[in-house]
Every structure is written in structure tokens, then in C-alpha cells.
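1. for reference, the sequence and a predicted model appear below.
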Amino acid sequence: METRRALLVDAFTDEPLAGNVAGVLPDAAGLSDDRMGRVAAELGASETAFRFEAGDGADERLRYFTPSTEVDLCGHATIASYAALYAAGEIDAGERTLRTNVGDLSIRVDDDGTVWMRQNSPTVEAVDETELDADRLGDALGIDPAALRDVGADLPVAVASTGLPWLVVPVNFLERLGEAEPDAAAVEDISNAHDAAGIYAFTFDAIDAASTLHGRAFAPAVGVAEDPVTGTASGAVGAYLRSVDAFDGDFPDEIRFEQGHFVDRPGHVRVRVEGDEVRVGGRAVVSTEGELTLPAEREDDIIEA
């Protein structure tokens, strides 16, 4: 048996036990897919990031596993990884290149520990109401369909992606969004039908006056009933807001997404959108650090980096 250093890191917050917790293995060299999956299940975070050497023009590679499957990209686990590495003195502030399953991404660490992640060029595709109407969406999310129709004329339902696709659903008021009681099977069916990781429902009716919107992310298709604070979805929604001209031609230099309050894990994400460039930023704090004991590899495991 062997041990590896393992962390639980709360991302998109300055306080422990808030924001979105991610598992982080700072050194995952030699671990197989099977072992990474088992580690992610043991740590129990919505996603765990595994760090490998990259070479060939990148500073490191990250792979991301939920407790049930690998996902190509995870914003909060990326922020958590770099914030933890910086806090431990393992990397310096400045620009770095991250290799992921969706390609190489630019990362910047500010002197104050804020981590900025440049995501892939965005795509936004509106969903025709004949394919997915307010009644079906409302039933799946446990939200009165009227709360979706109120905003549907100005803000369409769409699939947006900056590396990981999300189905973006606008809701009229925070009260309606807070009442959501999703049918996991129905949300998973809709997500799969639109090749999306999950549904991100949002409202401009935010709790904090400094926030642009309040969001909730439901991703049972990848094993996450509700993700407290979601970096990939925030970047995708930032791109969506620009695509649909949500601010009538006066797009802010930076927008602030709040999330997690309805699952007692409040946090916020900073998003900057300039043309095809989308950056997501936030802080993170290590809440747990220790040594994880791993079983011996199975003979049929394939070691990949």
C-alpha cells in the first residue's frame, strides 16, 4: 500500500465550510483511472482534481472525477487546485498553462491568491421551445412553469459551453428559484438529450446587492444532485448573457454570480467576458489536509496520465 497527500479545498469563498468543496491530489503520478475513481468516491466531493506533470508546453495536467465518472473540465476544482498550490508555496503568482481533456487553458494566480481560469471559446445555442417547453422544464426542476415563461421571451433557454456544456434556464424571481425541488431522473433525461452536464437555472433577483445574478446548478447526469458553486457553468452563463445581449449593449467589465445559499454553501464567482475570451475567477481555502492510503493496483488497471 502507499499514501498520497489529499486535500479538501473550499472554492469560490474566503471561508472554510462554504463555497464548493473539491478534492485535490497534488501528486497523482501513476494513478490509474480505477484508482482515481475510487479516490474521488472516498473523498466524496462533487469533483476531485488529480495533478500530473504535463510537459510539451503545459505546466501541469489536471483530470477531474466525480464520485461516479470522469468529467472533462471542472471550474471549482481548478480554482481549488491552484489556490491550494499557491498557498502551500508550490507555485508562484503569475501565468500558467493547464492541460485538460478539453485542451490547454490559461491560468493566472494573483498575488492575493485569486485564481483566474481562461475557459475555451464559448458556444451558445438557443433551444427551440418546441423541443423543450416551460411545462416540461418546470416539472423537471420543480418550479412553477409560469416563472420560466415570464422571462422566456427576452432570455431564451440555451445550451452554453466554455468547455463543458450547460443548459441555461432563466427564472423570474429568487423565491421561485429557491423553491426548486428537481426530479433528478427528469433533469438527467433533459441534460442527456441536449448533451449537457446539467441545468443551470438563474435569476437576476439576487440576494447580495453586489451580485449580478443568483444561480443553482443541477447535474445528476454526472452524479451531482446540486453543485453549490460552479465555475464552468458561470463561465458558460457569462457567455450566454453576452450572446443574448442581456445588458442592452452595455456589458459589464466584470459580473458576479452568487450561488450555494440554498444548500448552505454560499459562495460567489467572478466572470469577465471580452469577445471570445471568458475568464472565471475566485478564491479558495484548504479545509482538510491529510494522507490517503491507497490499495494495491489491480492487475488489469491501465495507468494513464
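-> The structure has been received and is ready for your questions.

2. which ones are touching the closest residue to T230 other than its chain neighbours?
-> In this structure, T230 finds its nearest non-sequential neighbour in A217, 4.3 Å apart by CB to CB, 6 or more residues apart in numbering. Quick note: C-beta positions are derived from backbone N, CA and C, even for glycine. The contact partners of A217, taken as CB atoms under 8 Å, 6 or more residues apart in numbering, are W166, G198, I199, Y200, A201, V224, E226, D227, T230, A233, Q259.

3. looking at those residues, which are in helices?
-> A233 (DSSP state H).

4. picking that back up, what's opposite the residue nearest to T230 in the beta bridge?
-> Y200, D227 (DSSP bridges).

5. element containing A186, please.
-> helix 184-193 (DSSP states H and E).

6. just to revisit the earlier point, greatest separation within the contacts of A217: which pair is it?
-> A201 and V224 (14.5 Å; CB to CB).

7. more neighbours: those two, which one.
-> Remark: of A201 and V224, A201 carries more neighbours, 25 against 21, as counted by other CB atoms under 10 Å.

8. wait, doesn't that one sit right on V169?
-> Yes - with contact defined as CB atoms under 8 Å, A201 counts as touching V169 (4.5 Å).

9. shared neighbours of the two, which are they?
-> With CB under 8 Å, 6+ apart, A201 and V169 have common neighbours L141.

10. now, which of the contacts of A217 sits nearest F12?
-> For these, the nearest to F12 is Q259 (7.8 Å; CB to CB).

11. now do the contacts for the closest one.
-> 12, 214-217, 228-230, 234, 266-269 are the contacts of Q259 under CB under 8 Å, 6+ apart.

12. list buried residues within the residues you listed.
-> 12, 214-217, 228-230, 234, 266-269 (16 or more other CB atoms under 10 Å).

13. all the strands of the stretch 101-250 of the chain, in order from the start?
-> With DSSP state E, counting those that start in this stretch, the ranges of strands along the stretch 101-250 of the chain come out as 103-109, 115-119, 123-126, 158-161, 166-170, 199-203, 213-219, 224-227.

14. measure G198 to E90 for me?
-> 32 Å (CB to CB, to the nearest Å).

15. who's more crowded, those two?
-> Under the criterion of other CB under 10 Å, the comparison of G198 against E90 puts G198 first, with 27 against 12.

16. from D227, how far out is the more buried one?
-> Applying CB to CB to G198 and D227 gives a distance of 7 Å.

17. joint contacts of these two?
-> Common neighbours of G198 and D227 (CB under 8 Å, 6+ apart) are A217, F218, A219, A233.

18. top of the residues you listed by number of neighbours, please.
-> A233 (35 neighbours).

19. hang on, isn't that one packed against W166?
-> Yes - the pair A233 / W166 is scored as a contact, 4.6 Å apart, by CB under 8 Å.

20. just confirm R265 is within a helix.
-> No - the assignment for R265, made by DSSP: H, G, I helix; E, B strand; the rest coil, is coil rather than a helix.

21. OK, contacts around the residue lying closest to it once chain neighbours are set aside?
-> Leaving out its chain neighbours, the residue that sits closest to R265 by CB to CB, 6+ apart is P228, at 3.7 Å. Under the criterion of CB under 8 Å, 6+ apart, the contact list for P228 reads G19, N20, V21, S46, Q259, G260, V263, R265, G267.

22. count the neighbours of G138 for me.
-> G138: 20 neighbours (other CB under 10 Å).

23. quick one: pLDDT of it?
-> Per-residue pLDDT puts G138 at 97.

24. which residue comes closest to it once chain neighbours are left out?
-> Closest to G138 by CB to CB, 6+ apart is P145, at 3.3 Å.

25. correct me if wrong: that neighbour contacts L137.
-> Yes - in this structure, P145 is within contact of L137 by CB under 8 Å, at 7.2 Å.
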